[in-house]
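[1] Sharing a model that was predicted from the sequence below.
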2 protein chains.
Amino acid sequence: MSSTVSGGWRIYGPRTLPAPLEAALLAFAEHGYHGTSVREIAARAKLSVPGLYHHYPSKQSLLQGLLELTMLDLVARCEQAVAEAGAKPVAQFDAVVESLLRFHMFRQEQAFIGSTEIRSIDDGYRDTYVGLRDRQQRIVDDIIAAGVAGGDFTTTAAKGAGRAITTMCVGVSTWYRVDGAMSPDELIAENLGFARAIVGLTA
Amino acid sequence: MSSTVSGGWRIYGPRTLPAPLEAALLAFAEHGYHGTSVREIAARAKLSVPGLYHHYPSKQSLLQGLLELTMLDLVARCEQAVAEAGAKPVAQFDAVVESLLRFHMFRQEQAFIGSTEIRSIDDGYRDTYVGLRDRQQRIVDDIIAAGVAGGDFTTTAAKGAGRAITTMCVGVSTWYRVDGAMSPDELIAENLGFARAIVGLTA
């Protein structure tokens, strides 16, 4: 994504992953990490196995590269959305929730791998990945805390609210269909309303 | 579970799956369906491969058996919770949300397989499984519709609210930890509060 264009966080074109990561994404989504061979990924990427290893020395490095690019894209989009929303917690809240919803509607496959293959990350990388997830959650949590402090949000369970909202937004990736009855913007408005209700912002 | 004991829907002992399904559950949770061999499941179940096949003729039949028992348990618990709650939509709503939350806290591994391995179900069985999931969702949706009709719930997005609440409850399985800071009952009270906010029941 380009984070230099205003509103760039809202724009989702086709994926632009490096070919080996795109191939790994499709293979993992279909058969899971442990059900996928490097040979299969190389074939999907139209590379020889040595050619693939030249860029990614192991199946694990493909998983890590994919998860990390996904989380960095998510965090960058959320940070841009919040930055463009200005200083008020309510506007920041709307922006970060919209950003989370859009990401999980338009990057469903990556979201699926991010949710399901944490189990497959090698121990040495797990802390890095969890750190990125925590950073994403902290963006949401800090905004809610500011909104509570300023009297915009009435929730008495700020931490749980942040987790519930993230869970709801991430979960959109499990049911959203491009050919569904409601448009993306309608779904975003509806689910933003639920997120506002959770923090006690009914205005 | 015993559905004949009042409140039985709230009671979660250790799992009582048949040994082959328990073995399949643990193997699928660790390596995924496609990353698991029948040999591995047999070894975990302390059965020979022919002995395993005697009860379950294929890896697919193990997956189907596991997913079906899981969904039938979930639906049975929700139906019992609702039946015991009496006729009022608000009480039924609280009961079904509590039941969904408990299930996804205490049956995390099964919930994980249910969320991640739908991709691995053979076409011939998929409709049956989706039918069970729809039946579960309809329990929630019907209660919300009755609450809206009776003026208890103020939401104008009943269908989306039902989906968001289910998504939030299912998602609890991704973050709940037995050794977390809050007790199960505290977490249930908090998340029930969020569910009530989503349908516009703030009383």
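    Cool, the structure landed.

[2] where in chain A is pLDDT low?
    The model of chain A has pLDDT under 70 over residues A:1-4, A:202-203.

[3] please redo it, this time with the cut-off set to 90
    In the predicted model, chain A carries pLDDT under 90 at residues A:1-7, A:202-203.

[4] now the angle between helix B:108-116 and the helix or strand harbouring A:Phe112, please.
    Secondary structure from DSSP states H and E places A:Phe112 in helix A:108-116. Here the directions of helix A:108-116 and helix B:108-116 differ by 170 degrees (axes from the mean of the first three to the mean of the last three CA atoms, to 10 degrees).

[5] Hmm, A:Arg163 is touching B:Arg177, no?
    No - with contact defined as CB atoms under 8 Å, A:Arg163 does not count as touching B:Arg177 (12.0 Å). C-beta coordinates here come from the backbone N, C-alpha and C atoms, glycine included.

[6] Neighbour count: the two, which is higher?
    A:Arg163 (22 against 9; other CB atoms under 10 Å in any protein chain shown).

[7] Distance check, the nearest residue to the more buried one once chain neighbours are set aside against B:Gly162.
    Nearest non-adjacent residue to A:Arg163, counting by CB to CB, 6 or more residues apart in numbering or on different chains: B:Trp175, 6.4 Å away. Distance, B:Trp175 to B:Gly162, by CB to CB, to the nearest Å: 21 Å.

[8] Between these two, tell me which one has more neighbours.
    Higher neighbour count among B:Trp175 and B:Gly162: B:Gly162, with 22 against 14, using other CB under 10 Å.

[9] is chain B contacted by the helix holding A:Phe112?
    Yes - Helix A:108-116 reaches chain B (CB under 8 Å from any CB of the partner chain) through A:Ser115, A:Thr116.

[10] where's the helix or strand A:Glu186 falls within relative to the chain centroid, distance-wise?
    Secondary structure from DSSP H and E places A:Glu186 in helix A:184-199. In terms of CA atoms, centre = their mean, to the nearest Å, the centre of helix A:184-199 is found 17 Å from the chain centre.

[11] got a list of contacts for that helix?
    A:93-94, A:97-98, A:101-102, A:105-106, A:144, A:147-148, A:153-155, A:158, A:161, A:164-165, A:168-169, A:172, A:176, A:180, A:182, A:202, B:157, B:160-161, B:164, B:194, B:197-198, B:200 (CB atoms under 8 Å, 6 or more residues apart in numbering or on different chains).

[12] Put the buried members of the residues you listed into a ChimeraX selection.
    The ChimeraX selection below is limited to those of the contacts of helix A:184-199 classed as buried (16 or more other CB atoms under 10 Å in any protein chain shown):
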select /A:93,94,97,98,101,102,105,106,144,147,148,153,155,158,161,164,165,168,169,172,176 /B:157,160,161,164,194,197,198,200
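
[13] Helices - which of the contacts of helix A:184-199 land there?
    Among the contacts of helix A:184-199, DSSP state H puts A:93-94, A:97-98, A:101-102, A:105-106, A:144, A:147-148, A:158, A:161, A:164-165, A:168-169, A:172, B:160-161, B:164, B:194, B:197-198 in helices.

[14] Show me what counts as buried in stretch A:179-197.
    A:Leu187, A:Ile188, A:Glu190, A:Asn191, A:Leu192, A:Gly193, A:Phe194, A:Ala195, A:Arg196, A:Ala197.

[15] Quickly note the distance from the last one to B:Thr174.
    Counting by CB to CB, the gap between A:Ala197 and B:Thr174 amounts to 22 Å.

[16] How about the fourth one?
    When CB to CB is applied, the distance between A:Asn191 and B:Thr174 equals 18 Å.

[17] again with A:Leu66
    19 Å.

[18] neighbour count winner among these two?
    A:Leu66 (25 against 17).

[19] quick one, what contacts that one?
    A:Leu17, A:Leu21, A:Ala24, A:Leu25, A:Phe28, A:Gln110, A:Ile113 are the contacts of A:Leu66 under CB under 8 Å, 6+ apart.

[20] Could you tell me which residues of chain A lie near chain B?
    A:29-36, A:115-116, A:119, A:157, A:160-161, A:163-164, A:167-168, A:170-172, A:174-175, A:187, A:190-191, A:193-194, A:197-198, A:200, A:202.

[21] can you rerun that using 6 Å?
    Residues of chain A found near chain B, taking CB under 6 Å from any CB of the partner chain as the criterion, are A:31-32, A:34-35, A:116, A:157, A:160, A:164, A:167-168, A:171, A:190, A:194, A:197-198.

[22] What's the end-to-end length of stretch A:95-115?
    23 Å (CA to CA, to the nearest Å).

[23] Quick check on A:Val178: phi, psi?
    phi -60, psi -30 (degrees, to the nearest 10).

[24] What's the separation between it and A:Pro184?
    9 Å.

[25] How about A:Ile143?
    22 Å.

[26] Could you check how many residues crowd around A:Arg119?
    Residues near A:Arg119, counting by other CB under 10 Å, number 15.

[27] from what I can see A:Cys78 touches A:Val140, true?
    No - between A:Cys78 and A:Val140 there is no contact under CB atoms under 6 Å: 8.1 Å.

[28] what residues do the two have in common as contacts?
    Counting by CB atoms under 6 Å, 6 or more residues apart in numbering or on different chains, the shared contacts of A:Cys78 and A:Val140 are A:Val96.

[29] quick one: which helix or strand includes the residue nearest the centre of chain A?
    With distances taken as CA atoms, centre = their mean, A:Leu74 lies nearest the centre of chain A, 4.5 Å away. Element membership for A:Leu74, per DSSP H and E: helix A:59-84.

[30] hang on, isn't A:Trp9 packed against A:Ala76?
    No - with contact defined as CB under 6 Å, A:Trp9 does not reach A:Ala76; the gap is 7.7 Å.

[31] who's more crowded, those two?
    Between A:Trp9 and A:Ala76, A:Trp9 has the larger neighbour count (other CB under 10 Å), namely 27 against 16.

[32] what are the phi and psi values for the more buried one?
    phi -60, psi -20.

[33] For it, give me its contacts.
    A:Arg77, A:Gln80, A:Ala81, A:Ser99.

[34] Next, count neighbours for the residue nearest to A:Tyr33 when sequence neighbours are not counted.
    By the measure of CB to CB, 6+ apart, the closest residue to A:Tyr33 outside its immediate chain neighbours is A:Ser120, 4.1 Å from it. A:Ser120: 20 surrounding residues under other CB under 10 Å.

[35] Nothing else from me, thank you.
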